[in-house]
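*Asks:* Sequence unavailable; structure follows:
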C-alpha cells in the first residue's frame, strides 16, 4: 500500500446547500465520488490492532474494507463489510460514528479520524449502483428450522438476515404496511432515503426471508401461537420502543402538541409532506421541539422543511450535554434551527379555540452531577418567559410497547417496560429472544443491529442444542 | 391486498354501506369492540374502523361505513373485486362482556353499526339487552332486523318522528331508567356530542356507562399518541387503552376539539377528490 495520506481533515462530504435543502426532503449528504473515497481511504493507517473494529457493535472489518477502497476494489470492499453488517447503506448514514469506530480511530487523537462512516456508505451505494438488482444471491442450504421475527426494524432485519444466511426459514412480522420499523417511520427521507431501506429489505427477501406486513403479533397471533401452532422453533422480538413520552405539564392536549413519533410518522411513513398522499399535516409557523436527541433534530428539520419560519430546539441542559450525533446538530444549525438551551417548558398556552399559542418556559442551570455523571439541571426561580410558538413537538424518548409483554406468558419486563434479556438476547421465556430498543429502551440503530446479531447466534445455538 | 367480498347499502338513503373484506388474520381472533386500521392504496391514510361482524371460517370481517371523509368517500367508489391495500387488526381491547345481568346499548345513527356487534356480544353471552337506536329520520335507519334478532328489546327512535318513537336516544334511555329498568351497564356509541349528552343522562343514576371512542390515530398500536384522550384526569391512548372508556370521566370537550383538528386540511383534500375515478387513483 502507498504511504498514508497525512491530511489532518476528512475529505469533506458533498452536501446540498443548507438554505436550499431546508426547503426540500431530498438527501442532505450527497456521498463521496470514487476519487474522494480512494483518497479518504489512504488516510487509514492500517493499524495492526485496529481499535475501530472494537468500537463497532457489529465488528465490521474496517481496515480490510478500507484497504480495498484505497485499491479501487469497491465490490470486494462491499463483500467485506456485508460479511458482518447486513445494512451498510443505513449504518453509513445514521450511525453515531464519533462514539464508535471513528471515536477509537488513532488519527482522531491529533486531528480528524478517518471518515469510516462515509466510506461505508460509499461502498454500499457503489454496490447498489453497479451490482444492480440482477446480482445473483446464493440462497443458503435450508436447515429445516423455522424462526419468527417480530418487528422489521434494525434489530429484526439484522437477526433475520443472519439466521437466513445460516439456512433458517425466517418470517418477519411487521405491524405497519411497510417494513423497516424506525428506518421508515422515524428517520426522515433527507437523512435516509426510503428507497435504501426498501433495497435492504428486498435483499433479505432474495435470501429467502418472508416479510408479512399488517400483522399485529400479540393481537392477531400471540407469541405462544407462533411457537405452538405455527411451528416456529424460536421467536425473536425486535418490537422497538414505540410508546412516546410526554412532559406531563398542563396544556399538552392542546391542538398543535405532538409526540415526535406522530409528527415524524405522518411525514416519513405516510408521506404527508407530499401533495399526492392523503395523510394531513399542519404547516406550523413557529415550532418548538422539546429534547435534543437525534429524533428531536429530525423533527426540527422536518418542521423547517414544511415551511416554519422559526424552529427551536428546547433543551433543559447545555450544548455539551446534547445527545444527538454531532453531524445532526451541525446540520440543524446550518438549516437555521435555533437552540434554546438550559430551558425547560412548564406549561403549554392555548387560545380560546384550544390551539397552541406559546410555551411558558423556565431557565435552568446545571448543578451537581447525577448518577450517570451528567450535571443535573435545576430551575432558576423567577426566570419564566413565554416562547411564542404554534406547535410543540415532544421528543423526549420512548418506552417499549407493552403489547407483547401483556400477551405473552412468562415474558418479563423491568420497571421501565423493557423486556428482560441476557447479553445474548435470551428472555425469561424459553425459545423467545429479544433485542434492540424493546430491551434497552430508545437507543441507536447500530446497537439494535448488534443485539439482533447476537440473538441470531444464540437462537442458532438454542435450536441446534434442542434438535 | 384485501379484497372486497361483498358490498351493500344498509338503508334506503344509502348513507351507510356494509363491506365484507377478506382479512383472515383479523377474522381469526377479533372480538366485539375491536377495530381495524385500513388503507385504500399507496397514497391512502390509515383510518380506524370498528369491526361490525366477522366470519372466522371464511376469514372475513365486516365494516360499516358512512361516506363522509375523504377515505370513506373514496371507499364508496370501490366495488366487489377491488382490494384494499391494508386491513390490519384486531386493534384495541375487546368489550368486557360477562358479569352483567342486564345492559342497555345506545346507538346513534351510524354508531349503531358499532354498537350492534357489542349488543350481539352481550346477547349471545346470555345477558339481557335493551337497545335504543336513534336516527335522524326513517330513511337512514340501519340494521333493524339484525338488532331485533340480537336484543331482548329494541327501541327505535327518530328525531323527526318518521319512524319508531319521536324522541332522542338519551330521552328514551332516561324513560327506560325511570320506568324501573335496572341496568348494570349502559354502552353508548355515536357522534361525540351524542355520547357526551347520553353519558350525562346516566350520571345522576350512577349507572356504569361505557363509550366507544374513535379519535384520530395513525398506527393504532400506541406509537403516535395522536389518539390521546383525558379520562378521569389521566392521559389514555384510545388505541391500546381503549377504545372503550368510562363515559362519565372522559373530557368530551377536549376530544371534540382534537377530532376536528384536521377539518381544514380534509376540506381542501376533498376538493381534489375529482382525481379519483371508480375508486382507482391515477397518481
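*Replies:* Received, thanks. Predicted, not measured: the structure shown is a model, and the values here were computed from it.

*Asks:* Distance of residue A:226 relative to chain B?
*Replies:* Taken as Cβ to the nearest Cβ, to the nearest Å, the spacing of residue A:226 relative to chain B amounts to 13 Å. Placement of C-beta: from N, CA and C, glycine included.

*Asks:* correct me, but that residue touches residue A:217?
*Replies:* Yes - shown here, residue A:226 and residue A:217 form a contact pair, counting by Cβ atoms under 8 Å, at 7.3 Å.

*Asks:* can you pull out the strands in the stretch 51-200 of chain A?
*Replies:* Taking DSSP state E, counting those that start in this stretch, the strands of the stretch 51-200 of chain A run over residues A:146-150, A:169-173.

*Asks:* Kindly list the longest helix within the chain.
*Replies:* Because you didn't say which chain, this covers chain A. Among the elements of chain A assigned as helix by DSSP state H, the one spanning the most residues is helix A:445-466.

*Asks:* Hmm, no, I was thinking of chain B.
*Replies:* In chain B, with assignment by DSSP H, the single longest helix is helix B:112-124.

*Asks:* buried residues in it?
*Replies:* Taking 16 or more other Cβ atoms under 10 Å in any protein chain shown as the basis for neighbour counts, the residues of helix B:112-124 that come out buried are B:112, B:113, B:114, B:115, B:116, B:117, B:118, B:119, B:120, B:121, B:122, B:123.

*Asks:* Could I get the contacting residues of the residue of the stretch 351-467 of chain A found nearest chain B?
*Replies:* With Cβ to the nearest Cβ as the measure, the residue in the stretch 351-467 of chain A that lies nearest chain B is residue A:354; the distance is 4.5 Å. For residue A:354, the contact set (Cβ atoms under 8 Å, 6 or more residues apart in numbering or on different chains) comprises A:254, A:255, B:254, B:257.

*Asks:* So what's the residue count around the nearest residue to it once chain neighbours are set aside?
*Replies:* The shortest distance from residue A:354 to any non-neighbouring residue, by Cβ to Cβ, 6 or more residues apart in numbering or on different chains, is to residue B:257 (4.5 Å). Residues near residue B:257, counting by other Cβ atoms under 10 Å in any protein chain shown, number 17.

*Asks:* for the residue in the stretch 51-200 of chain A positioned nearest to chain B, what are its contacts?
*Replies:* The minimum distance from the stretch 51-200 of chain A to chain B, using Cβ to the nearest Cβ, falls at residue A:177 (4.6 Å). If a contact means Cβ under 8 Å, 6+ apart, then residue A:177 has A:213, A:214, B:39, B:46, B:85, B:86, B:88 as its contacts.

*Asks:* Give me the subset of the contacts of residue A:354 lying in helices.
*Replies:* When DSSP H is applied, the contacts of residue A:354 are split such that B:254, B:257 fall in helices.

*Asks:* can you give me the angle the longest helix of chain A makes with strand A:169-173?
*Replies:* 140 degrees (axes from the mean of the first three to the mean of the last three Cα atoms, to 10 degrees).

*Asks:* lowest-confidence helix or strand of the chain?
*Replies:* Picking chain A for this. Least confident element among the helices and strands of chain A, by mean pLDDT, DSSP states H and E: helix A:403-407 (a mean of 87).

*Asks:* Let me rephrase: I mean chain B.
*Replies:* One helix or strand of chain B scores below all others by mean pLDDT, DSSP H and E: strand B:276-277, with a mean of 46.

*Asks:* What segments of the stretch 101-250 of chain A are helices?
*Replies:* Taking DSSP state H, counting those that start in this stretch as the criterion, the stretch 101-250 of chain A contains helices spanning A:101-104, A:107-110, A:116-131, A:154-165, A:182-185, A:194-206, A:223-228.

*Asks:* What are the buried residues along the third one?
*Replies:* Meaning helix A:116-131. The neighbour-count criterion (16+ other Cβ under 10 Å) identifies A:116-128 as the buried residues of helix A:116-131.

*Asks:* Near chain B, which residues of the stretch 351-467 of chain A are found?
*Replies:* Counting by Cβ under 8 Å from any Cβ of the partner chain, the residues of the stretch 351-467 of chain A close to chain B are A:353, A:354, A:401, A:402, A:403.

*Asks:* related to what we said a few turns ago, list the contacts for the residue nearest to residue A:354?
*Replies:* For residue B:257, the contact set (Cβ under 8 Å, 6+ apart) comprises A:255, A:353, A:354.

*Asks:* where does the stretch 151-283 of chain B come near chain A, residue by residue?
*Replies:* Within reach of chain A by Cβ under 8 Å from any Cβ, the stretch 151-283 of chain B has these residues: B:218-219, B:221-226, B:228, B:230, B:235, B:240, B:251, B:254, B:257-258, B:261-262, B:265-266, B:269, B:283.

*Asks:* Mind checking the pLDDT average for stretch B:195-208?
*Replies:* When pLDDT is averaged along stretch B:195-208, the result is 93.

*Asks:* now swap in stretch A:307-314 and tell me
*Replies:* If you average the per-residue pLDDT over stretch A:307-314, you get 97.

*Asks:* And the helices in chain B?
*Replies:* In order along the chain, chain B carries the following helices (DSSP H): B:24-27, B:70-76, B:112-124, B:144-149, B:169-178, B:192-202, B:238-241, B:252-259, B:263-271.

*Asks:* Identify the bridge partners of the residue of the stretch 51-200 of chain B found nearest chain A.
*Replies:* Using Cβ to the nearest Cβ, residue B:88 is the residue of the stretch 51-200 of chain B that sits closest to chain A, at 4.0 Å. Counting by DSSP bridges, residue B:88 forms beta bridges with residue B:37.

*Asks:* Quick check: pLDDT value at it.
*Replies:* pLDDT at residue B:88 comes out at 96.

*Asks:* Measure how buried it is and give me the count.
*Replies:* Under the neighbour criterion other Cβ under 10 Å, residue B:88 is assigned a count of 27.

*Asks:* residues in contact with it?
*Replies:* A:175, A:177, A:214, A:215, A:216, B:26, B:36, B:37, B:38, B:220.

*Asks:* In JSON lines, list those residues along with distance to residue A:416.
*Replies:* Conversion of the contacts of residue B:88 to JSON lines gives the following (distance: Cβ to Cβ, whole Å):
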{"residue": "A:175", "distance to residue A:416": "21"}
{"residue": "A:177", "distance to residue A:416": "29"}
{"residue": "A:214", "distance to residue A:416": "29"}
{"residue": "A:215", "distance to residue A:416": "26"}
{"residue": "A:216", "distance to residue A:416": "23"}
{"residue": "B:26", "distance to residue A:416": "31"}
{"residue": "B:36", "distance to residue A:416": "31"}
{"residue": "B:37", "distance to residue A:416": "27"}
{"residue": "B:38", "distance to residue A:416": "33"}
{"residue": "B:220", "distance to residue A:416": "23"}
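
*Asks:* Identify, from the residues you listed, the entry nearest to residue A:33.
*Replies:* Closest to residue A:33 out of the contacts of residue B:88 is residue A:177 (36.3 Å), distances taken as Cβ to Cβ.

*Asks:* Could you tell me the backbone phi and psi angles at residue A:31?
*Replies:* Listed backbone geometry of residue A:31 is phi 90, psi 150, with angles given as degrees, to the nearest 10.

*Asks:* For chain B, see how far away residue A:304 is.
*Replies:* According to Cβ to the nearest Cβ, residue A:304 stands 20 Å off from chain B.

*Asks:* distance between the least confident helix or strand of chain A and the chain's centre?
*Replies:* The offset between the C-alpha centroid of helix A:403-407 and the centroid of the whole chain comes to 24 Å, using Cα atoms, centre = their mean, to the nearest Å.

*Asks:* Now do the buried residues in that helix.
*Replies:* Quick answer for helix A:403-407 (16+ other Cβ under 10 Å): A:403, A:404, A:405.

*Asks:* quick one, what contacts the first one?
*Replies:* Spelled out, that is residue A:403. A:216, A:217, A:218, A:219, A:239, B:221, B:222, B:240.

*Asks:* and the last one, how many neighbours?
*Replies:* I take that to be residue B:240. For residue B:240, which is what you asked about, the neighbour count (other Cβ under 10 Å) is 23.

*Asks:* how about the residues of the stretch 1-150 of chain A near chain B?
*Replies:* Residues of the stretch 1-150 of chain A lying close to chain B (Cβ under 8 Å from any Cβ): none.
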